[in-house]
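Chemist: below is the structure, and that's it, no one-letter string:
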């Protein structure tokens, strides 16, 4: 009975978190608000999400990357929902591709620093997976009040056009539709694509608009004459075709995608997909309400993999990391997952769940190598509090064994995918393929927490530092003041460990419903299959 009560409590908690996520995504989908949306419609334009919906094949799966980017940021500028750009991986005429659409309802589609980061992430996904990319351009250009944070650096605005050129040399298909304003440096993005279309009367492209032209050289001219569809299609030849409205332009893109030839794939194995035998919806009840509670990661894996079949590797060794082979939506995967229940080591010692010990690091490193040898994509399920510390671990070589795992993950050539189920703390984040280790896609469940260490430990450490500083300055602090300071530290630190904080800064590609995990992994491996593996796996000088 107590197990049923706990299951129900977990289920209620996780569904509440999920409800909060859905409400947040609904708010983000509104973009710049109803009034701005009406203005776009009055011009005869579709909104960014309407364009994507019209373009993508009906009744096919799709995933949105970075929906929560810039959430809670740029408040002094009025906010920037989804960073003013929508990025979706889906299917056009049966071809998987990535679509990038500026949202003109958000500051006229102007580019904020996070807008650039999100666009670069879309291009990174395209380049890593040789995935066709479609740009639906409707932007006023750089948000000038923040130009110093978006213009000059390596990972700023100009990197996008550099990527256009590199992607072209790689043979990656790039198609652009100019469906609104396209100004200054932003004009290079569509024109450096393979093909650039423009919508008559609403689309325009030029290096400098009419106001700047008058200011710079004194010429009086309107924007339509300067860089509208007729000028750029019939006089300059800058764009390839013009269309009377958004839908006809999008129809042409569908037709163009329909005629693309097939290229060699990476050869990842796929069988006939099947659903898990264990009820997927029970994930909500299996995953504990508290992030410090123990549970059996096998129970989650059984609800994620086809037929609930998991062929475990070294089952009785290094048990705080589970490794094994399975299929997800038919695709063969190698799973590396943190075990969250207390287990016994081979020596009979108790090991705490969620902690990486020397034996588990050694096992996981060897498993990653096996997957590279067999050309099997890797899936990491993170619920990790870090590596084991203390004299026994140090004397047992925890740093050396941890380095083996980090090296194997860093040098892995098969595609990697990361799901942050719960905790993602410290070096455990790195070893389990955090963002710095190039997962093709990385997402979090609403239950995730991402930080250098757990909240309680971090807060106490920060409190010691602050109170020590105050005492060194001769300031007395009462127990009541110390408790108030601790609460302030915990509140601030907790907000920074939230998955929303991570998603807003694009440390993760999305926060997802756990029941969408299979779709994200399946579509991720499908896109990775576009890119044959050209690099040989080599762990370098770190011996195993």
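Modeler: Thanks, I have the structure now. Model, not experiment: these values are computed from the prediction. Numbering: from 1, shown residues only.
Chemist: burial count for residue 432?
Modeler: Per other C-beta atoms under 10 Å, the neighbour tally for residue 432 reads 27. For every residue, glycine as well, the C-beta is placed using N, CA and C.
Chemist: and the residue lying farthest from the centre of the chain, which of the three is it?
Modeler: The outermost residue of the chain relative to its centre, with distances by C-alpha atoms, centre = their mean, is residue 474 at 47.1 Å. Assigned state for residue 474: coil (three-state reduction, DSSP: H, G, I helix; E, B strand; the rest coil).
Chemist: cool, residue 96 as well?
Modeler: strand.
Chemist: and what of residue 326?
Modeler: Residue 326 ends up strand, using three-state DSSP.
Chemist: tally of neighbours for it?
Modeler: Number of residues near residue 326 (other C-beta under 10 Å) recorded here: 22.
Chemist: show the subsequent helix or strand relative to the helix or strand of the chain with the lowest mean pLDDT.
Modeler: Lowest mean confidence among the helices and strands of the chain (mean pLDDT, DSSP states H and E): helix 455-472, at a mean of 71. If you walk from helix 455-472 toward the C-terminus, the next helix or strand you reach (DSSP states H and E) is helix 479-497.
Chemist: pull out the buried residues from that following helix.
Modeler: Buried residues in helix 479-497, defined by neighbour count with 16 or more other C-beta atoms under 10 Å: 485, 486, 489, 490, 493, 497.
Chemist: likewise stretch 123-130?
Modeler: Across stretch 123-130, burial judged by 16+ other C-beta under 10 Å covers 123, 125, 126, 127, 128, 129, 130.
Chemist: of those residues, closest to residue 285?
Modeler: Top of the list for closeness to residue 285, among these and by C-beta to C-beta, is residue 125 at 33.3 Å.
Chemist: so the closest one is in which element?
Modeler: Assessed by DSSP H and E, residue 125 sits inside helix 113-129.
Chemist: if we can go back for a sec, contacts only, for the residue farthest from the centre of the chain.
Modeler: Remark: with contacts taken as C-beta atoms under 8 Å, 6 or more residues apart in numbering, residue 474 is in contact with nothing.
Chemist: which stretches in the stretch 151-300 of the chain count as helices?
Modeler: 158-169, 188-191, 210-217, 223-227, 229-230, 246-258, 283-286, 297-301 (DSSP state H, counting those that start in this stretch).
Chemist: who wins for proximity to residue 95 among these?
Modeler: helix 246-258 (5.1 Å).
Chemist: export the helices of the stretch 151-300 of the chain as TSV, with columns for mean neighbour count and mean pLDDT.
Modeler: Listed next are the helices of the stretch 151-300 of the chain as TSV, based on neighbours: other C-beta atoms under 10 Å; pLDDT from 0 to 100:
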stretch	mean neighbour count	mean pLDDT
helix 158-169	16	95
helix 188-191	22	90
helix 210-217	12	83
helix 223-227	18	87
helix 229-230	18	91
helix 246-258	18	98
helix 283-286	22	98
helix 297-301	21	98
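Chemist: determine which of the ones you listed approaches residue 509 most closely.
Modeler: Taking C-beta to C-beta as the criterion, residue 509 comes closest to helix 158-169 out of the helices of the stretch 151-300 of the chain, the separation being 17.7 Å.
Chemist: quick one, the closest one and helix 113-129 angle?
Modeler: The directions of helix 158-169 and helix 113-129 differ by 20 degrees, with axes from the mean of the first three to the mean of the last three C-alpha atoms, to 10 degrees as the criterion.
Chemist: how far off centre is helix 158-169?
Modeler: When C-alpha coordinates are averaged (C-alpha atoms, centre = their mean, to the nearest Å), helix 158-169 and its chain have centres 21 Å apart.
Chemist: now for it, which elements pack on it?
Modeler: Judged by 3 or more C-beta pairs under 8 Å, 6 or more residues apart in numbering; DSSP states H and E, the packing partners of helix 158-169 are helix 113-129, strand 174-183, helix 188-191.
Chemist: could you redo the last one with a cut-off of 6 Å?
Modeler: Under the contact definition 3 or more C-beta pairs under 6 Å, 6 or more residues apart in numbering; DSSP states H and E, helix 158-169 sits against helix 113-129.
Chemist: what's the average pLDDT for the helix it packs on?
Modeler: Averaged across helix 113-129, the pLDDT comes to 97.
Chemist: name the surrounding residues that touch it.
Modeler: In this structure, residues lying in contact with helix 113-129 by C-beta atoms under 6 Å, 6 or more residues apart in numbering are 66, 69-70, 83-85, 87, 98, 100, 133, 149-150, 156-157, 159-160, 163, 167, 172, 440, 506, 527-528, 530-531.
Chemist: quick one, that helix and strand 174-183 angle?
Modeler: Here the directions of helix 113-129 and strand 174-183 differ by 170 degrees (the same axes, to 10 degrees).
Chemist: helix or strand right after the strand or helix carrying residue 380?
Modeler: Take DSSP H and E as the rule and residue 380 turns out to sit in strand 378-384. Sequence-wise, the next helix or strand downstream of strand 378-384 (DSSP H and E) is strand 386-387.
Chemist: who touches that next one?
Modeler: With C-beta under 6 Å, 6+ apart as the test, strand 386-387 has contacts from 356, 398, 402, 425, 426, 427, 428.
Chemist: so which of those residues belong to strands?
Modeler: The members of those that map onto strands under DSSP state E are 356, 425.
Chemist: reformat the contacts of strand 386-387 as TSV; add neighbour count, distance to residue 332 and pLDDT.
Modeler: Listed next are the contacts of strand 386-387 as TSV, based on neighbours: other C-beta atoms under 10 Å; distance: C-beta to C-beta, whole Å; pLDDT from 0 to 100:
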residue	neighbour count	distance to residue 332	pLDDT
356	28	25	94
398	19	31	86
402	24	27	90
425	26	30	93
426	18	31	89
427	18	29	90
428	22	26	93
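Chemist: what's the most distant pair in the contacts of strand 386-387?
Modeler: Maximum pairwise distance among those (C-beta to C-beta): 15.5 Å, between 398 and 425.
Chemist: tell me where the model's unsure across this structure.
Modeler: Scanning the chain for pLDDT under 70 picks out the ranges 1-2, 185, 395, 453-460, 462, 542-544.
Chemist: mind doing that once more with 80?
Modeler: Low-confidence regions of the chain, defined by pLDDT under 80, span residues 1-3, 144, 184-186, 208-209, 211, 344-349, 352, 389-397, 452-495, 541-544.
Chemist: tell me where the stretch 301-450 of the chain has helices.
Modeler: 358-374, 391-395, 398-411, 426-431.
Chemist: for those helices, give me a markdown table that also has distance to residue 210.
Modeler: Listed next are the helices of the stretch 301-450 of the chain as a markdown table, based on distance: least, C-beta to C-beta, whole Å:
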| stretch | distance to residue 210 |
| --- | --- |
| helix 358-374 | 56 |
| helix 391-395 | 68 |
| helix 398-411 | 51 |
| helix 426-431 | 50 |
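Chemist: so for residue 52, which of these sits nearest?
Modeler: Shortest distance between residue 52 and these, using C-beta to C-beta, is found for helix 426-431: 31.9 Å.
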